[in-house]
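Q: predicted coordinates and the sequence they were generated for:
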Amino acid sequence: MGLFRYTLRRFAQLVPVLFGIVTLTFIMMHALPGDPVRLYLGTEPGQELADDLIESHGFDRPLYEQYFEHLWRLVQGDLGQSFVYNRPVTDLIWERMEPTLVVMGLSYVVALPVAIGLGIYGAARHNEAGDHVSRFAGLAGISTPNFWLALMLIYVMTYHLGLLPASGYTSPFVNPVESAMLLVMPVLTLATAQTALLMRMTRSSMIEELRSEHVETARAYGIPERKIMVRHSFRNALLPLITIVGLQLSTLLGGSVIVEEIFAIPGLGRLFFDSIIDQDYSVAVGVTLFFSTLFLIGVVLTDIAYAYIDPRIKYD
Amino acid sequence: MSQDGSRVKEAEFDARSGFVTTLLKLKHSPTSLAGLGIIAVLVLMALFTTIDSFVFDRAMITWLHADPYAMDQTMRYEGPSREHPFGTDRYGRDILSRLIYGSRTALAIGILAVGISFIGGIIIGAVSAYFGGYVDDGLMRTVEVLYAIPGLVLAMIFMAIFGPSIYNLFIAYGIVGIPAYARVMRSEVLSLRDRQYVEAAKLAGLPRRTILFREIVPNGLAPVVVQGTLSMGTVIIGAAALSFLGFGVQPPTADWGRMLADGRTALLVAWWVALFPGIMIFLTVMGFNMLGDGLRDVMDPKMTVEDVGIDDFDLDDLPTEPDHGYGFGDLEDGGRQPASTDGGSSAPEGGDRP
Amino acid sequence: MSLLEVEDLRTYFFTADGIVQAVDGVSFEVDTGESLGIVGESGAGKSVAVKSIMGLIRDPGRVVDGSIRFDGRELTDLSERELRQEIRGNEIAIIFQDAMSALNPVFTVGSQIEEVIVENTDRSPKEARSRAVELLDDVGIPDPEQRIDEYPHQYSGGMQQRAMIAMALACDPRLIIADEPTTALDVTIQAGILDLFDDIQEKYETSMVYVTHDLGVVREVCDRVGVMYLGNMVECAPYDELYRNPKHPYTQSLLNSVVTPDETLDEIDPIGGTMPSAVSPPSGCRFRTRCPAAFDDCSKATPPSYDVGEDDPHEVACLLYDETVSRAEPALHESNTDTDPAESGGTADD
């Protein structure tokens, strides 16, 4: 019961933030340089055609009217029209969603178990050689620029060893083998910093838990060390980790722009990149809005997971 | 008024001396010392570059090694050699010299962007926490809005609006970073707001602005400084990413991100063009992260005995006839950590965004 | 025969600031069914001493010397595994000061008690549960059937400590160590917990070591009292004897600084100075820097224990009770706040 109400409340709290994001993106759209009408029609448009377009899109009306219409269209799920593709932005986002979600999802799948395993290992061997090595590796991991890592991977794997294709995307639901070959490098690129960060987080919160008084109690009552690690510490240490997993969604979404650009993956990041280059701003703003919403939902979901594990939350 | 003045000084003094003691503790941490070393070398490189380019018009580096901007079509994509240890790029420019010159750009972006986030975040966080109510709600919602947009995406839109230039890059990453600092500062001020010296200042009739920025903020700076050191690396990577994608530093300015973009096109024929700038970015970021890690450890009261174990002592060396030292020894906490003393001493780990 | 015999226990912490000699040569005994109180200021090493018994000292701390015999068995020789399987929880149980943090917030109270039972006995999980309900009932938790499935944060402070006591009783230990179990509680709730300790001792016939800085609490639950100062046990005697006839200057000052209803504040005699650091404690008797009766010999060596009791043993570690040492008779009950120690390397700053 408590959890259900908590869920509702957290989602309700999203509304003002979403409203703020919509407003901000609206301002961005109008601040971005370039005249979409000219862009769409080419260099020498007929004046009537331009007027038509301006009127049909409401560009001639006062900003506040445009703002309310923008809101009204958003409520109806209309993100506007792409001038480059001449199609609704929602359709484009829908089409390009799969590769982005696949790459991001897989990098979580790779990062989480490795990070948790190494983090627990580091905490268990605190201040021993193994811990120092994993701690250093963690630092190195968060210090590696992912775009450089991608280039180095391509150089070694594709140019040097000829093992993996350097660019492109095939859906794993269509051709799993080819897809896997294509996904190795993008996922590694995205997952490295991710793994390192989550590992550091796991390690430090595990160390803190292992020093906590309730762990001392468990030791004082003859609970075996293995059980203390797995049952008494990890569940508690999971709490800060869950929060970070949610917050890292933002980093991954940003990273998808780079990774999809480098590996020529037709996903949302690539769509965003192209739209900025092409000055196709309704697409750029639409993707931004979509990314932020995805991030906010992710954060709320992790908050709910947190509340599910930590009984102190839901009854407050 | 003179009384008030002395109080203010005292508070500042407290904050500063505490910080200096903390810094001195860093010498027990080899990791942060190594980080500090890397940063020192970079700062020296950047200083050299600045003097060289503004005073000597690149004469010094040309004399020492090679002009980073001199093109030589006969030397395109030369591999590493004695003359060009890191090779040359597609215009025949020496990569080592360009790397040295790039340190100035990287550090400038890091310091200025972090500076903007730092000051902006402190003001927003402090005002938000101190005044509370609608001010707090309004500011924090705004910060959440900024936070919800992926950093790189926000920075790219910003660069598209204001045009790609190194100055806009500072501002873009400065703004992107504000939310994280604002949150840390806010939680610090919330915990300091009801301290006695703040009450005293209120009773003395100091204006609210003075109380906030002279009494409270200096005492809550430590975690924000840690956040600053740790996010320095993130900002440098982020700015390099923007330049890499063509939205940041524009040619011909020597910039590591930009050089990596060149390296990408030449990857098949000249691996060195991409390898070395990446290593420079990596080392720089590593330096800041190592220092930040050490700073966080020494500032966290739970970590003070971290690297001291029994092995560091010779048991035969136990003092038999000890000196007369009288201090405040709290034995019972010698082994146990002071648990539950801090509700959220805001370990700034999570908020990293590129 | 004594159930627990601690002899010359030394527990040091190896920290960046130096070696903290938290417990330095402490000896005491606890008989079967007996209840020993250990009192002292915070920082005297009481907690460290009792945690050493169970082998709960963690890095950077270590028991460097001494012997701990429990029922004739030398505990310092046991491995971590043997301690865990044979001692902790089922022979000796400990109750910590802050029950709120001693209980794991993410598990129900019941599941934590059940786990201890299952881990230390042959009982099945089902039996463990009914035993846990019984225990909660025993320690005075209302509706144990329902409350067993609640989380620690849903319990009040006093109930959390009762739950801890239930956990301590779970495997019928022969010795219960209570480390300042009522310090964090309100006075009224404290009284209830102290009554509970009395009842438990009667019902379960366990021995008990009760650590506290509150002499009033000791009167409620303890037969005998040991007084600790800066890692040393300075005096140990039956409660009434110690209270009526304190021998060690530290105990005397300690008793003088307790406020009783028939005293006014003027009559209270606080102990002058602060406790020196345990990293570099004073040589010889550690109390001499604050002792009103200190004389030259006090700095020479750690004073041995003298039995000055008439019927029961009354041990005191102070050279004043050594007949072979000659000295001027000190004025023991004089106010000592403005009396500087006769010989000292410097006064404690206060």
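A: Here it is on my side, so go on.
Q: what's the neighbour count on residue 250?
A: Defaulting to chain A. 28 (other Cβ atoms under 10 Å in any protein chain shown). Any C-beta I mention is one placed from the backbone N, CA and C, and that applies to glycine too.
Q: oops, chain C please
A: C:Tyr250, neighbours per other Cβ under 10 Å, totals 28.
Q: name the next helix or strand following the strand or helix carrying A:Tyr108 along the chain.
A: Applying DSSP states H and E as the criterion places A:Tyr108 in helix A:89-124. The helix or strand immediately downstream of helix A:89-124 is helix A:129-143, counting by DSSP H and E.
Q: that following helix near chain C at all?
A: No: using Cβ under 8 Å from any Cβ of the partner chain, helix A:129-143 never reaches chain C; the gap is at least 13.0 Å.
Q: let me see the backbone angles for B:Thr88.
A: phi -130, psi 160 (degrees, to the nearest 10).
Q: still on that earlier bit, the helix holding A:Tyr108 near chain B at all?
A: No: on the criterion Cβ under 8 Å from any Cβ, helix A:89-124 is out of touch with chain B, staying 11.6 Å away.
Q: which parts of that helix are buried?
A: Residues of helix A:89-124 classed as buried: A:89, A:92-93, A:96, A:98-100, A:102-104, A:106-108, A:110-112, A:114-116, A:118-124 (neighbour count, 16 or more other Cβ atoms under 10 Å in any protein chain shown).
Q: pLDDT of it, averaged?
A: For helix A:89-124, mean pLDDT rounds to 93.
Q: got the angle for that helix vs helix A:129-143?
A: If you take axes from the mean of the first three to the mean of the last three Cα atoms, to 10 degrees, helix A:89-124 sits at 160 degrees to helix A:129-143.
Q: which helices and strands sit right next to helix A:89-124?
A: helix A:129-143, helix A:176-210, helix A:234-262, helix A:268-277, helix A:281-309 (3 or more Cβ pairs under 8 Å, 6 or more residues apart in numbering or on different chains; DSSP states H and E).
Q: make TSV from those and add mean pLDDT to it.
A: Shown next, in TSV, are these (pLDDT from 0 to 100):
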stretch	mean pLDDT
helix A:129-143	89
helix A:176-210	91
helix A:234-262	89
helix A:268-277	93
helix A:281-309	90
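Q: export these to TSV and tack on distance to B:Ala59?
A: Output for those, formatted as TSV (distance: least, Cβ to Cβ, whole Å):
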stretch	distance to B:Ala59
helix A:129-143	34
helix A:176-210	40
helix A:234-262	38
helix A:268-277	39
helix A:281-309	45
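Q: which among those helices is found nearest to B:Ser165?
A: Smallest distance to B:Ser165 across those (Cβ to Cβ): 15.8 Å, for helix A:268-277.
Q: what about that closest one, near chain B?
A: Yes: Helix A:268-277 is in contact with chain B by Cβ under 8 Å from any Cβ, via A:Phe272, A:Phe273, A:Ile276.
Q: quick one: the helix or strand harbouring B:Phe288 to chain centroid distance?
A: According to DSSP H and E, B:Phe288 maps onto helix B:271-299. Centroid separation for helix B:271-299 versus its chain: 11 Å, with Cα atoms, centre = their mean, to the nearest Å.
Q: for it, name the packing helices and strands.
A: Using 3+ Cβ pairs under 8 Å, 6+ apart, helix B:271-299 sits against helix A:129-143, helix A:146-153, helix B:2-25, helix B:30-55, helix B:95-131, helix B:221-244, helix B:256-265.
Q: now it: buried residues?
A: For helix B:271-299, using 16+ other Cβ under 10 Å, the buried residues are B:271-278, B:280-282, B:284-299.
Q: let's have the helices and strands packed on helix B:271-299 in JSON lines, adding distance to C:Met164.
A: As requested, the helices and strands packed on helix B:271-299 are exported to JSON lines (distance: least, Cβ to Cβ, whole Å):
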{"stretch": "helix A:129-143", "distance to C:Met164": "33"}
{"stretch": "helix A:146-153", "distance to C:Met164": "49"}
{"stretch": "helix B:2-25", "distance to C:Met164": "36"}
{"stretch": "helix B:30-55", "distance to C:Met164": "40"}
{"stretch": "helix B:95-131", "distance to C:Met164": "37"}
{"stretch": "helix B:221-244", "distance to C:Met164": "34"}
{"stretch": "helix B:256-265", "distance to C:Met164": "58"}
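Q: neighbours of B:Val269, how many?
A: That count, for B:Val269 with other Cβ under 10 Å as the rule, works out to 12.
Q: likewise for B:Ala34?
A: 15.
Q: I'd like the distance between it and A:Phe136.
A: Look at B:Ala34 and A:Phe136: by Cβ to Cβ, to the nearest Å, they are 10 Å apart.
Q: now do the shared contacts for these two.
A: The contact sets of B:Ala34 and A:Phe136 do not overlap (Cβ atoms under 8 Å, 6 or more residues apart in numbering or on different chains).
Q: which non-adjacent residue is nearest the residue in the stretch 101-250 of chain C that chain B sits nearest to?
A: At 5.6 Å from chain B, C:Ser101 is the closest residue in the stretch 101-250 of chain C, using Cβ to the nearest Cβ. Spatial nearest neighbour of C:Ser101, chain neighbours left out: A:Glu213 (4.1 Å); criterion: Cβ to Cβ, 6 or more residues apart in numbering or on different chains.
Q: where's C:Val234, which helix or strand?
A: With DSSP H and E as criterion, C:Val234 is part of strand C:232-238.
Q: for that strand, name the packing helices and strands.
A: strand C:18-31, strand C:224-229, helix C:249-256, strand C:315-316.
Q: as TSV, these with distance to chain A would be great.
A: Below are those laid out as TSV (distance: least, Cβ to the nearest Cβ, whole Å):
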stretch	distance to chain A
strand C:18-31	16
strand C:224-229	21
helix C:249-256	28
strand C:315-316	29
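Q: quick one, which of these is packed in tightest?
A: Scoring these by mean neighbour count under mean count of other Cβ atoms under 10 Å in any protein chain shown gives strand C:224-229 as the most buried, with a mean of 26.
Q: so what strands line up beside that one?
A: Looking at strand C:224-229 with DSSP bridges, its partner strands are strand C:35-39 (parallel), strand C:232-238 (antiparallel).
Q: between these, which gets nearest to A:Asn236?
A: strand C:35-39 (31.5 Å).
Q: which SS state does C:Val209 fall under?
A: strand (DSSP: H, G, I helix; E, B strand; the rest coil).
Q: ok, it touching C:Pro173?
A: No: assessed by Cβ atoms under 8 Å, C:Val209 is found out of contact with C:Pro173, at 11.7 Å.
Q: more neighbours: which of the two?
A: C:Val209 (26 against 22).
Q: excluding chain neighbours, give the residue nearest to that one in space.
A: Leaving aside its sequence neighbours, C:Val209 sits nearest to C:Ile177 (Cβ to Cβ, 6+ apart; 4.8 Å).
Q: make sure the one you found is indeed in a strand.
A: Yes: according to three-state DSSP, C:Ile177 belongs to a strand.
Q: C:Ala49 is in contact with that one, correct?
A: No: using Cβ under 8 Å, C:Ile177 is not in contact with C:Ala49, being 9.9 Å away.
Q: on that earlier part again, residues near the residue of the stretch 101-250 of chain C closest to chain B, how many?
A: 19.
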